[in-house]
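>>> Would you be able to build a 3D model of this:
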Amino acid sequence: MARKYGINPNQLSSWRKQFLERGQVVFQKEKASREKQLERRIESLENLIGKKEVEINLLKKYLDFYVPRDGI
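This is a model prediction of the structure:
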């Protein structure tokens, strides 16, 4: 395989050994990073929903106070 890609066989062997020893750690870091990114996104969206709920409640109160109930 090393010859196929023009890589020194010793280098390929070294990479394979490193991957077998620490490969799972690399993917765990990516997962943790992705999880943190998604958690921040969720928090941002939850905050936005909270703000929109406040706006809706304010508009409802405005309509109840300023707009007559008979629609005139």
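
>>> Tell me the secondary structure at residue 69.
coil (DSSP: H, G, I helix; E, B strand; the rest coil).

>>> let's number from 47 now, not from 1
New numbering, starting at 47: the last item is residue 115.

>>> where's the longest helix anywhere in the chain relative to the chain centroid, distance-wise?
Secondary structure of the chain per DSSP state H: the longest helix is helix 55-112. How far helix 55-112 lies from its chain's middle: 2 Å, per Cα atoms, centre = their mean, to the nearest Å.

>>> Show me what it is packed against.
helix 48-51 (3 or more Cβ pairs under 8 Å, 6 or more residues apart in numbering; DSSP states H and E). Glycine gets a C-beta too; all of them are placed from N, C-alpha and C.

>>> about what we covered before: tell me the mean pLDDT over the longest helix of the chain?
Helix 55-112 shows a mean pLDDT of 89.

>>> Give me the most central residue, the protein.
residue 84 (2.0 Å; Cα atoms, centre = their mean).
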